[in-house]
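> Here is a sequence with its predicted model. Questions after.
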Amino acid sequence: MAETRWAEAMQDIKEYAENAEQLCGEKRGPDFSWDDVETVMLDMDGTLLDKHFDDYFWEVYLPEHYSLLHNISTEEASRELRARYQAVENSLQWADLEYWSHTLGLDLPELKLRINHLIGVHPYVIEFLEFCLKKRKKLYLVTNAHSKALSIKLEKTAIGAWFDRVICAEDVGFAKEEPMFWPRLQEMLGFVPEKTLLADDTEKVLRVADTFGLRHLIHIARSSSQRPACYSTSYPSIDYFKELIRYA
């Protein structure tokens, strides 16, 4: 029974991924010199951490609990929730657990804690963080994740200690997909866009950062361990961070 439920959950995630807007292209690797990089900014979900946790939570686990709360089918719950997700996509509300807890009548931080065993660090991430420190790069974790979700994940993975600073979008006042995020972040950190490397699994974030002037943009193609790699049509892509260490 449990195996059947898990297989159905994986199929739901696969179908959602196949319907996603992002188009996949041919892999194009990065081409830069570490001598030209002073600051490294890294996204969290899908970049450093396996996005399978978030995919499963939002597309399977939360609809199950929402369906029980409202006595509707999981299929109907999924349709209703996806419409709600799309209504606030690319905004701070999308990642705001307090907003969703209030809107849905469920304790989302508690639900996330119940499945925190699915939270995992991608392969070669720790090696890359060590590499950046040895290279004496300024290292920042820059995430749209809500502070409560961030706390859950940092406690589970212990990656926070590697960074000079951890920045939530709520601290900046805008989501990373919003143009005002990047000048506000620059005010906070004082980074030089032409000497900054940003790695993110979301192409829209990279496009907005590109428009602001960040020079070294890296797309993470393998955001989830349960989904095939999807290479960017616009930016250099990597499967794992060991590919960036090769450029030393």
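Noted; the coordinates are in hand. Numbering: from 1, shown residues only.
> any idea how far the strand or helix carrying residue 101 is from the chain center?
Residue 101 is part of helix 97-104 when elements are defined by DSSP states H and E. Helix 97-104 has its C-alpha centroid displaced from the chain centroid by 20 Å (Cα atoms, centre = their mean, to the nearest Å).
> Packing partners of that helix?
Helix 97-104 sits against helix 62-70, helix 108-114, helix 147-157, with contacts defined as 3 or more Cβ pairs under 8 Å, 6 or more residues apart in numbering; DSSP states H and E. To be clear about C-beta, it is placed using only N, CA and C from the backbone, and glycine gets the same treatment.
> so who does the closest residue to residue 204 other than its chain neighbours touch?
Counting by Cβ to Cβ, 6 or more residues apart in numbering, residue 204 lies nearest to residue 177, which is 5.0 Å off, once chain neighbours are set aside. Going by Cβ atoms under 8 Å, 6 or more residues apart in numbering, residue 177 touches 90, 202, 204, 205, 208.
> show me where pLDDT drops low in this protein?
Residues of the chain that meet the criterion pLDDT under 70 lie in 1-22, 247-248.
> just the strands in it please.
39-42, 138-143, 165-168, 196-200, 216-220, 237-238 (DSSP state E).
> got a list of what the residue nearest to the spatial centre of the chain touches?
In the chain, the residue lying closest to the centroid (Cα atoms, centre = their mean) is residue 45, at 2.7 Å. By Cβ under 8 Å, 6+ apart, the contact set of residue 45 is 51, 53, 54, 143, 144, 145, 153, 201, 223.
> By neighbours, which of those residues wins?
Counting neighbours by other Cβ atoms under 10 Å, residue 144 comes out on top of the contacts of residue 45 with 27 neighbours.
> For that residue, which residues are in contact?
Contacts of residue 144 (Cβ under 8 Å, 6+ apart): 45, 92, 94, 95, 168, 169, 175, 176.
> now with 7 Å?
95, 169, 175, 176 (Cβ atoms under 7 Å, 6 or more residues apart in numbering).
> count of residues packed around the last one?
Here the number of neighbours of residue 176 (other Cβ under 10 Å) works out to 25.
> Number the residues from 576 up from this point.
New numbering, starting at 576: the last item is residue 751.
> how near is the nearest residue to it once chain neighbours are set aside to residue 797?
Among residues not flanking residue 751 along the chain, residue 780 sits closest, at 4.6 Å (Cβ to Cβ, 6+ apart). For residue 780, the distance to residue 797 equals 17 Å [Cβ to Cβ, to the nearest Å].
> do the same with residue 625
9 Å.
> if I look at the two, which residues touch both of them?
Counting by Cβ under 7 Å, 6+ apart, nothing touches both residue 625 and residue 797.
> can you tell me which residues contact residue 614?
712, 713, 715, 766, 770, 771.
> Check which residues of stretch 601-621 are buried.
605, 609, 612, 614, 615, 616, 617, 618, 619, 620, 621 (16 or more other Cβ atoms under 10 Å).
> How about stretch 647-661?
In stretch 647-661, residues buried by neighbour count (16+ other Cβ under 10 Å) are 649, 652, 653, 655, 656, 659.
> what about the residue lying closest to the last one once chain neighbours are set aside, neighbour count?
Counting by Cβ to Cβ, 6+ apart, the nearest residue to residue 659 once its immediate chain neighbours are dropped is residue 678, at 7.2 Å. The number of residues packed near residue 678 is 13, by other Cβ under 10 Å.
> and if you look at residue 702?
Residues near residue 702, counting by other Cβ under 10 Å: 12.
> Over to the one 10 residues further on?
Using other Cβ under 10 Å, residue 712 has 18 neighbouring residues.
> Quick check: it vs residue 611, distance?
For residue 712 relative to residue 611 (Cβ to Cβ), the value is 11 Å.
> Residue 632 now?
38 Å.
> Between the two ends of stretch 720-738, what distance do you get?
16 Å (Cα to Cα, to the nearest Å).
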